[in-house]
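Undergrad: Just need the structure, nothing else, for what follows:
(one chain, ligands or ions: 2)
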Amino acid sequence: MVFLPVHKSHIDYLLITLILFCHNIKAPHIAAGNNLSIPILSTVIRKLGGFFIRRRMDETRDGKKDILYRCLLHAYTEELLRQQQFLEVFLEGTRSRSGKPFPARAGMLSIVVDTLCTGAIGDVLVVPVGISYDRIIEGNYNSEQLGKPKKNESWWGIACGVFRMLRKNYGCVRVDFNQPFSLKVMNRKSVPAFY
Ligand SMILES: CCCCCCCCCCCCCCCCCC(=O)SCCNC(=O)CCNC(=O)[C@H](O)C(C)(C)COP(=O)(O)OP(=O)(O)OC[C@H]1O[C@@H](n2cnc3c(N)ncnc32)[C@H](O)[C@@H]1OP(=O)(O)O
Ligand SMILES: O=P(O)(O)OC[C@H](O)CO
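TA: Ligands and ions are numbered 1, 2, ... in the order given. As a prediction, this is how the structure comes out:
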């Protein structure tokens, strides 16, 4: 299974893993941006199912994608799928600052499709996940939308977030796991020549 959640808050991935755990569903491996790779937290994230990826394939001198990195990412993700591990990818690659979903970025999803098309795996069930908050803990992102640079993730930022969460009532959050669909069936419909 590949979970494809929308991304609005850091709470997203905490909630999804927690809900799956509470329903005896194995926790997914989550593609995490390397901006979260901060001391100690990175170890915790890895132990809880996260694996770090670059959020942009570094351009090499000749302007091409970093082929070696892409191959490694491809091989690692393919192995996870071969082992029937669950995957969780935030296609937008960033939290939406406006509340509207960002355009999806195709890299991780293209790896999943490649793995299916090469026959390395039989099929993949894709589970879109909708998440709606009454209020998100990060606030309204107004300063970032006005051009102020984003503060990098830090332990201090985490502590402030936890403190805010304990002090204020952020209302309810709704997590919708949509009907899983077979990527193989969808591919067959969209690329009939392939099958
Ligand atoms: C309270 C109790 C709680 C208990 C429970 C606790 C649980 C805690 C859990 C801890 C886990 C924490 C997880 C944190 C997750 C946070 C969410 C994030 O970080 S989100 C952030 C992290 N997630 C994401 O970013 C996911 C979304 N981003 C992506 O998928 C990106 O594509 C990318 C980052 C992979 C590459 O970005 P880029 O370089 O900009 O490349 P483009 O996108 O422009 O794609 C253009 C071209 O490249 C192709 N292509 C690319 N890569 C590959 C490949 N390896 N192979 C093959 N092809 C590849 C692609 O198809 C296309 O082809 P073409 O047109 O060129 O022919
Ligand atoms: O781009 P950001 O600040 O939304 O960071 C996204 C992180 O990688 C995890 O949510």
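Undergrad: make it CA atoms for all contacts and neighbour counts henceforth
TA: Noted.
Undergrad: Just list whatever residues bridge to S132.
TA: Beta bridges link S132 to R174, judged by DSSP bridges.
Undergrad: Check F52 too.
TA: With DSSP bridges as the criterion, F52 is bridged to A32.
Undergrad: Just confirm it contacts I38, I think it does.
TA: No. The criterion here is Cα atoms under 8 Å, and F52 misses it with I38 at 10.9 Å.
Undergrad: Centre of the chain to stretch 81-90, how far?
TA: On the basis of Cα atoms, centre = their mean, to the nearest Å, stretch 81-90 sits 11 Å off its chain's mean C-alpha point.
Undergrad: And the helices in the chain?
TA: Using DSSP state H, the helices assigned to the chain run over residues 11-22, 41-47, 67-82, 107-117, 142-145, 155-167, 183-190.
Undergrad: which helices and strands sit right next to the third one?
TA: If contacts are counted by 3 or more Cα pairs under 8 Å, 6 or more residues apart in numbering; DSSP states H and E, helix 67-82 sits against helix 107-117.
Undergrad: Outside of the helix it packs on itself, which residues are in contact with it?
TA: Residues from elsewhere that reach helix 107-117 (Cα atoms under 8 Å, 6 or more residues apart in numbering): 74, 77-78, 81, 89, 91, 121-124, 183-184.
Undergrad: now swap in stretch 40-60 and tell me
TA: 27-34, 36-37, 65-66, 69-70, 73, 93.
Undergrad: Based on its surroundings, how many neighbours for A106?
TA: A count of neighbours around A106, defined by other Cα atoms under 10 Å, yields 12.
Undergrad: And it, how close does it get to ligand 1?
TA: 4 Å (Cα to the nearest ligand atom, to the nearest Å).
Undergrad: Quick check: pLDDT value at that residue.
TA: A106 is assigned a pLDDT of 91 by the prediction.
Undergrad: If you drop the residues flanking it in sequence, what lies closest to it?
TA: L91 (7.2 Å; Cα to Cα, 6 or more residues apart in numbering).
Undergrad: What's the local residue count around V127?
TA: Other residues within reach of V127, judged by other Cα under 10 Å, total 19.
Undergrad: going forward can the numbers begin at 429, since that is how I track them
TA: Got it, first residue is 429 now, which makes that one V555.
Undergrad: beta partners of it?
TA: Assessed by DSSP bridges, V555 has beta-bridge partners F431.
Undergrad: Give me the pLDDT value at it.
TA: 98.
Undergrad: how near is it to R498?
TA: Distance from V555 to R498, counting by Cα to Cα, to the nearest Å: 24 Å.
Undergrad: before we move on, back to that, so between F480 and I466, which is more surrounded?
TA: Higher neighbour count among F480 and I466: F480, with 17 against 14, using other Cα under 10 Å.
Undergrad: quick one on the thing from earlier: verify the contact between the residue nearest to A534 and A532 for me.
TA: Yes. With contact defined as Cα under 8 Å, L519 reaches A532; the gap is 4.9 Å.
Undergrad: out of the two, which sits in the busier spot?
TA: Comparing L519 with A532 by other Cα under 10 Å, the one with more neighbours is L519, at 21 against 13.
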